[in-house]
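Asks: sequence and predicted structure are below.
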Amino acid sequence: MSNYHIKHLEEYWQVYRKSVSHPEHFWEEVAEEHFLWRKRWDKVLEWDFNTPIVKWFQGAQLNITENCLDRHLTTRGDKTALLFEPNDPKEAAQHITYKELHKRVCQFANLLKSQGIRKGDRVCIYLPMIPELPIAMLACARIGAVHSMVFAGFSATALATRINDCDCKMVICSDGSYRGAKTLDLKSIVDEALEECEIASVLVVKRTGNDVQMKSGRDHWIAPLLENISGECPVEIMEAEDPLFILYTSGSTGKPKGMLHTTAGYMVYTAYTFKNVFQYRENDIYWCTADIGWITGHSYIVYGPLCNGATSVMFEGVPSYPNFGRFWDIVDKHKVNQFYTAPTVIRALAKENVSHVTSHDLSSLKVLGTVGEPINEEAWHWYNENVGKKKSPIADTWFQTETGGIMISPIPYSTPTIPTFATLPLPGVQLALMDDNGKEIQGNQVEGKLCIKFPWPSMARTIYGDHNRYRETYFSAYDNMYFTGDGALRDAVGYYRITGRVDDVIIVSGHNLGTAPIEDAINEHPAVAESAIVGYPHDIKGNALYGYVTLKETGADRNQDNLRKEINDLITSRIGPIAKLEVIQFTDGLPKTRSGKIMRRILRKIAHKESDQLGDISTLLNPEVVESVIKGSLA
Ligand code: 7RM
């Protein structure tokens, strides 16, 4: 039996039981089976959730790009590694082979070195979905630089905060990006961000050809620098626990958390889970529609697929351009076998005429996946019937930026699926549901806070520059447990269903938004006294944002629609359009605890039209405001 590729349910259980009874032995076997190590590890695992410290495969030496690229050159050199589908369907797709990708990564790595980037330096990548994005990531990894990618839809302020937080030495960006019929001016966002940062060099990819300012001495076009540069670049030999990348995720305070991922464990886990969750076979064409700027793209467009020698599609555009059939056009055109997307996308497409789907041949599809938020029953059935034709199992995959890789998911063709259930933990994943007294809830048909009680190889090792916050956020709620921030239930057969966040993070269209940074942005408005954001259910986005805003005396007689627009403009500039408020209710005050904490729980109930279920509000500092907030509700 091979641990590396599970093919039926019985095998899953065998592998799972083994992974739990002898976790170290289990991961050691996986690591032995499939990777290129420059030196073998001395110790599989060292851990302590109190410190917390987690180290996998200590003593091992490797380079992840050798596993993603070099290792495939003799057997798969001419196989397509990245299949790039441009925004404009009339522009030709690019089939980038393993050989070519290897060469381009080496060239880019040599360019980084010539610009003074060394092992351990942080490099910010602010690129749209073009081939240079994975190439830049892999180039960093090849020379041991730590990439910190910022989703190219984030604002200048958000970009600047992230560049400064981890002290990046360089920014890699493009002149612009295509999104459907729009062209966005990325370089000017970078210029604005860099007014707040000290950055020695900016490398710019030409994609859209729009006019940009190039600051002399600082900004360089990439193409001329790549001419005559060597296509060979020896790898930097990395220690197992050397940092690979930082990726920011929002938290319950305004400051984003730079989750730090390390080399060996991340590689082993993402490669293993990719193979099993998508049941990838040698000549399959795999497509994940996420942006590489999120963890899903890092792990399941770039590292996981390439470590397996897979063909990974990357799409530059949007599902609605030139029409709502674009995804299915691409599936048909490239004969995609595995298709992985987000529930919010499914809901948006399900609103459109089904002929956008039925007019394409989707018979190549073997496995469907979803990720990012709970999938509702209706969307699940639409996906199953219209896309999968009831023949392709749906893997509802649960994971987080913090977990690095998929933690809960069916194994397609092995695990029977049920709508809205992510089903079972993957091998090596030891889940626990906790009650409000900090005790683990045993048995089935129970609900609690979702925790993980044993380390897994791809877990984030710290929050960059703030280990204390890492401990506080994830390891202090429950003794000896990693707390996910999600609630979950376990049904009669032991399947898990994720019920949603239990903290102040709201998932809008599959994007994790912290309420705090949005409130910070609103509060910058001169007429605003204070604000609170809650999520409420929305047909397409899953959740939308409802903002309660109290105005200062001086702002109280201003035109409310103008104010609403100004507030949303502020949010757009500080965070990005994704964080705009769907509803803004102006209030006389916000319900607060005696210690001054805004009671979002009450506001959430009002936005959910459940103001008859507020419970006891007498302990509030200002119970009288609740009545007036209910009266003015726009829910
Ligand atoms: C991969 C990703 C993480 C949060 C997580 C959950 C929610 C993700 C599912 C899900 C229900 C799923 N990383 N989430 N996947 N909820 N079912 N299959 O999204 O860091 O951006 O967000 O997303 O709340 O904690 S993330």
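Replies: That came in fine, so what should we check first?
Asks: can I assume Asn386 is in contact with Ser359?
Replies: No - the pair Asn386 and Ser359 fails to qualify as a contact (Cβ atoms under 8 Å) at a distance of 11.5 Å. In short, each C-beta sits where N, CA and C put it, glycine included.
Asks: between the two, which is the more surrounded one?
Replies: Asn386 (18 against 12; other Cβ atoms under 10 Å).
Asks: quick one: residues contacting the more buried one.
Replies: With contacts defined as Cβ atoms under 8 Å, 6 or more residues apart in numbering, Asn386 is in contact with Ala350, Val354, Val357, Thr358.
Asks: report pLDDT for the last one.
Replies: This means Thr358. On pLDDT, Thr358 comes in at 97.
Asks: likewise the second one?
Replies: On the pLDDT scale, Val354 is placed at 95.
Asks: how near is the residue nearest to it when sequence neighbours are not counted to Ala81?
Replies: Taking Cβ to Cβ, 6 or more residues apart in numbering as the measure, Val354 lies nearest to Asn386, with 5.9 Å between them; neighbours along the chain are not counted. Computed with Cβ to Cβ, to the nearest Å, the distance linking Asn386 and Ala81 is 30 Å.
Asks: ok, Ile330 next?
Replies: Applying Cβ to Cβ, the value for Ile330 to Ala81 is 18 Å.
Asks: cool, Arg281 as well?
Replies: Using Cβ to Cβ, which is the criterion applied here, Arg281 is 16 Å from Ala81.
Asks: those two - which one has more neighbours?
Replies: Counting neighbours by other Cβ under 10 Å for Arg281 and for Ala81 shows that Ala81 has the greater number, 24 against 12.
Asks: three-state assignment of that one?
Replies: Following DSSP: H, G, I helix; E, B strand; the rest coil, we place Ala81 in the strand state.
Asks: can you check the pLDDT for it?
Replies: 98.
Asks: next up, identify which helix or strand Val190 is on.
Replies: Secondary-structure element containing Val190, defined by DSSP states H and E: helix 186-194.
Asks: I'd like the next helix or strand past that helix.
Replies: Sequence-wise, the next helix or strand downstream of helix 186-194 (DSSP H and E) is strand 201-205.
Asks: name the strands paired with that next one and say parallel or antiparallel.
Replies: Listed by DSSP bridges, the sheet partners of strand 201-205 and their directions read strand 170-174 (parallel), strand 219-221 (parallel).
Asks: how far away from the center of its chain is it?
Replies: Strand 201-205 has its C-alpha centroid displaced from the chain centroid by 24 Å (Cα atoms, centre = their mean, to the nearest Å).
Asks: between helix 186-194 and it, find me the angle.
Replies: 160 degrees (axes from the mean of the first three to the mean of the last three Cα atoms, to 10 degrees).
Asks: quick check: angle from the longest helix along the chain to strand 170-174?
Replies: Of all the elements of type helix in the chain, the one with the most residues (DSSP state H) is helix 98-114. Relative orientation of helix 98-114 with respect to strand 170-174: 130 degrees, computed using the same axes, to 10 degrees.
Asks: contacting residues around helix 98-114?
Replies: So helix 98-114 is in contact with 65, 69-70, 72-73, 76-79, 81-82, 96, 123, 131-132, 135-136, 138-140, 142-143, 145, 170, 203, 222, 225-226, 229-233, 309, going by Cβ under 8 Å, 6+ apart.
Asks: need the mean per-residue confidence for that helix.
Replies: The average pLDDT within helix 98-114 is 98.
Asks: can you check stretch 409-419 too?
Replies: Stretch 409-419 shows a mean pLDDT of 97 in the predicted model.
Asks: give me the contact list for it.
Replies: 6-9, 11-12, 273, 276-279, 366-367, 369, 375, 377, 380-381, 384, 392-398, 422-424, 426, 495.
Asks: among these, which ones are buried?
Replies: 6, 11-12, 273, 276-279, 366-367, 369, 375, 380, 384, 392-398, 422-424, 426, 495 (16 or more other Cβ atoms under 10 Å).
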